[in-house]
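**Student:** attaching a predicted model along with its sequence, questions to come.
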Amino acid sequence: MTVCLLLLSAVALMAAVPVPRALTRAVWPEREPVVALWVWQCMVATVLLCCLAALVLGAAAVFHTVRDRVFAPAPPAVTAAYDLSTAPPWAAALTVLLACGAAWTTAMLARELAEARRRRGRTRAHLRERAPDLPAGLPGGRGPMLVLEDEYPDAWWMPGHPPQLVVTTGALRRLTGHQLDAVLAHERGHARAHHDWLLHLSTALATGFPRVPLFSHFCDQTHRLVELAADDTASRHHGHLTTALALIELNQHRGVLSCASSHRLLGERVDRLLQPPPRLGPRRRALATTVAALVPLLPLLITFAPGLTALG
């Protein structure tokens, strides 16, 4: 069991410190933002699985009640393979630390989701007040698309139940038909990929553990990569130039596409659309996706290896 805890700790430290720093310095994520998002998610899953597996093993070694529940269906040989009776002295401290971390992570996720729900509720109430009155029998501001009377050009996707695409009349006047289609495709790309959930997860982890490089970089990169991925969705259907012009037209007055974007990110996005970098080949994309998907299996392999060896 001691070997398992040490190996899990080593894998978690590798995935939490040097790997994210290497990913932030890499150039290829800009070429394949969807693959890069998948890699980041796999790294986060690896760290969380390592902590969860270490927590279960440590609790089983320290508390007999947990041990009886976890290893109840296992043969005696499997229980003996983990050698839980000879847990090191630091196992109890590690178990308490991991339990506190798990509770804090759950609290941060719950707080982020609750705050997001409250923000959506306030925004929807505000939009209902601003929505123009329609003739009797029409759904008003509850349809899949809501047009607001506002000279300020803007368009965004409002997640929730039901999701809504919000567009101002200023955007309708400023954008051409093709540019408006590109903006709508961008926002629908966010909705189809459920980018709002990724943003909530990354924000909660970065807020709860700001000194962990993986979580802080995951938050920063997620906000950047989801925009690049949505730009790619729009440009594939409506062209790079049309999408770039739509971004410029929408943001001449403020310099940002959304509240989470910065001037620097907008410039990078426009430059990337005007001079699109070459994509990775299919084999390299498949290799990166497969390797990233296999990494979270390491904690499971380390955890179950003693039991599988005893059964074999």
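**Tutor:** On my side now, so go ahead.
**Student:** for the rest of this, base every contact and every neighbour count on C-alpha atoms.
**Tutor:** Fine.
**Student:** quick check: phi and psi on Glu151?
**Tutor:** The phi and psi torsions at Glu151 (degrees, to the nearest 10) take the values phi -70, psi -20.
**Student:** next, count neighbours for it.
**Tutor:** For Glu151, the count of nearby residues is 13 (other C-alpha atoms under 10 Å).
**Student:** swap in His64?
**Tutor:** Other residues lying near His64 total 13 when counted by other C-alpha under 10 Å.
**Student:** do the same with Val39
**Tutor:** Val39 is surrounded by 22 other residues when neighbours are defined as other C-alpha under 10 Å.
**Student:** give me the distance between it and Thr46.
**Tutor:** For Val39, the distance to Thr46 (C-alpha to C-alpha, to the nearest Å) stands at 11 Å.
**Student:** what's the least confident helix or strand in the chain by mean pLDDT in contact with?
**Tutor:** Counting by mean pLDDT, DSSP states H and E, the weakest-scoring helix or strand in the chain turns out to be strand 145-148, with a mean of 81. Strand 145-148 is contacted from outside by 127, 130-132, 164-169, using C-alpha atoms under 8 Å, 6 or more residues apart in numbering.
**Student:** ok, now stretch 192-201?
**Tutor:** Stretch 192-201 is contacted from outside by 109, 112-113, 116, 159, 190, 219, 222-223, 226, using C-alpha under 8 Å, 6+ apart.
**Student:** make TSV out of those residues and add distance to Val35.
**Tutor:** Converted to TSV, the contacts of stretch 192-201 look like this (distance: C-alpha to C-alpha, whole Å):
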residue	distance to Val35
Leu109	24
Glu112	25
Leu113	25
Ala116	26
Pro159	23
His190	15
Cys219	16
Thr222	12
His223	15
Val226	11
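**Student:** where does the stretch 1-150 of the chain dip in pLDDT?
**Tutor:** By pLDDT under 70, the low-scoring segments of the stretch 1-150 of the chain are 131-143.
**Student:** ok, back up a step: which of the contacts of strand 145-148 fall in strands?
**Tutor:** In this view, those that belong to strands under DSSP state E are 164-168.
**Student:** picking that back up, can you pull the buried residues of the least confident helix or strand of the chain?
**Tutor:** For strand 145-148, the neighbour count (16 or more other C-alpha atoms under 10 Å) marks 146-148 as buried.
**Student:** what pairs with that strand, parallel or antiparallel?
**Tutor:** Strand 145-148 has the following sheet partners, assigned by DSSP bridges: strand 164-168 (parallel).
**Student:** quick revisit: so what's the gap between the least confident helix or strand of the chain and the chain middle?
**Tutor:** In terms of C-alpha atoms, centre = their mean, to the nearest Å, the centre of strand 145-148 is found 28 Å from the chain centre.
**Student:** mean confidence score for stretch 271-282?
**Tutor:** The average pLDDT for stretch 271-282 rounds to 93.
**Student:** could I have that stretch exported to PDB, CA atoms only?
**Tutor:** Taking only C-alpha atoms (Å, rounded to 0.1, in the frame of the first residue of the first chain), the coordinates of stretch 271-282 have been written out as PDB:
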ATOM      1  CA  ASP A 271      -4.500  37.300 -36.500                       C
ATOM      2  CA  ARG A 272      -5.100  33.600 -36.300                       C
ATOM      3  CA  LEU A 273      -8.200  33.900 -38.500                       C
ATOM      4  CA  LEU A 274      -6.500  36.000 -41.100                       C
ATOM      5  CA  GLN A 275      -3.400  33.800 -41.100                       C
ATOM      6  CA  PRO A 276      -4.700  30.400 -40.000                       C
ATOM      7  CA  PRO A 277      -1.900  28.100 -38.700                       C
ATOM      8  CA  PRO A 278      -1.700  24.600 -40.400                       C
ATOM      9  CA  ARG A 279      -3.600  21.900 -38.500                       C
ATOM     10  CA  LEU A 280      -1.900  18.800 -37.200                       C
ATOM     11  CA  GLY A 281      -2.100  15.800 -39.300                       C
ATOM     12  CA  PRO A 282      -4.900  13.200 -38.600                       C
END
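**Student:** quickly find the element holding the spatially most central residue of the chain.
**Tutor:** For the chain, Leu198 is the residue whose C-alpha lies nearest the centre (C-alpha atoms, centre = their mean; 2.7 Å). When secondary structure is defined by DSSP states H and E, Leu198 falls within helix 195-208.
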